[in-house]
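Participant: one predicted model, sequence on top.
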Amino acid sequence: MITELSVDHLALLTALERHVQSGSSDSQLLEALGSQDASVLGWWHDQQLRGYAIVARLPFEAELQALGVVPECRRSGAGLALMEAVLAQAQRWASERLLLEVRVGNLSAIRLYQRCGFGEDGLRKDYYPGKVSPLPPHDPAAPITAGREDALLMSRAL
């Protein structure tokens with residue numbers, strides 16, 4: 001079941017984000033929950049919040065800002081259900097297009113977006129910070145990162 005989340009769901013949402021690690025900060029989540037120009041959609045399974053998506057309304061378009069599903073529920077249709085809800089929200093806003101960006105290495109997300117009718121628009125080189133290395137750093141205050149990762153820009157006409 002998918003519902004629109006409110007500020008009352010902030011603790012659940014921040015706990016979920018820590019688990020799914022889609023890249024949203026606590027302040028971004030709070031801002032989205034309190035915004036009239038954003039919608040935070042939650043996917044519930046067994047009465048637990050197990051996935052979410054944030055879509056923002058822009059002047060003529062909408063933008064998918066985050067989408068995350070707990071690992072044990074991936075490949076269950078949760079991502080597709082969230083994307084369908086995001087598309088429906090963007091259409092209610094009368095947006096002309098839905099935009100998103102995704103790490104080029106996130107192949108399962110890219111396949112989902114392609115399945116939902118998104119096409120590739122371009123690339124942002126070295127956009128995302130690298131992944132933190134599990135190896136202990138020489139300087140304990142500085143984690144080792146493995147380079148940077150490109151962002152794939154995608155969109156779909158509504």
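Facilitator: Everything's here; your move.

Participant: name the SS class of the residue nearest in space to the middle of the chain, please.
Facilitator: Of all residues in the chain, the one closest to the mean position by Cα atoms, centre = their mean is residue 66, 1.8 Å from it. Secondary structure for residue 66, judged by DSSP: H, G, I helix; E, B strand; the rest coil, is strand.

Participant: wait, doesn't it sit right on residue 54?
Facilitator: Yes: with the criterion set as Cβ atoms under 8 Å, residue 66 and residue 54 qualify as a contacting pair; they are 4.4 Å apart. Yep, even glycine has a C-beta here, placed from its N, CA and C like the rest.

Participant: need the contact list for the closest residue to residue 22 other than its chain neighbours.
Facilitator: Of all residues not flanking residue 22 in the chain, residue 68 sits nearest, at 3.5 Å (Cβ to Cβ, 6 or more residues apart in numbering). By Cβ atoms under 8 Å, 6 or more residues apart in numbering, the residues touching residue 68 are 16-17, 20-22, 24, 51-53.

Participant: now with 10 Å?
Facilitator: With contacts defined as Cβ atoms under 10 Å, 6 or more residues apart in numbering, residue 68 is in contact with 13, 16-17, 19-24, 43, 50-54, 74, 78-79, 82, 109.

Participant: show me which of these are buried.
Facilitator: Judged by neighbour count, with 16 or more other Cβ atoms under 10 Å as the criterion, the buried members of these are 13, 16-17, 20, 22, 24, 43, 50-54, 74, 78-79, 82, 109.

Participant: isn't residue 35 right up against residue 5?
Facilitator: No: using Cβ atoms under 10 Å, residue 35 and residue 5 do not qualify as a contacting pair, with a distance of 11.9 Å.

Participant: more neighbours: the two, which one.
Facilitator: Taking residue 35 and residue 5 together and counting by other Cβ atoms under 10 Å, residue 5 has the greater number of neighbours (22 against 13).

Participant: thought the more buried one was touching residue 33?
Facilitator: Yes: checked against Cβ under 10 Å, the pair residue 5 and residue 33 is within contact range at 6.3 Å.

Participant: name the residues contacting each of the two.
Facilitator: 13, 39-40, 54.

Participant: next step: these restricted to strands.
Facilitator: With strands identified by DSSP state E, the entries of those that belong to them are 39-40, 54.

Participant: show me how far stretch 32-44 is from its chain's centre.
Facilitator: 12 Å (Cα atoms, centre = their mean, to the nearest Å).

Participant: actually stretch 68-81, not the one I wrote
Facilitator: Relative to the chain's own centre, stretch 68-81 is displaced by 12 Å; criterion: Cα atoms, centre = their mean.
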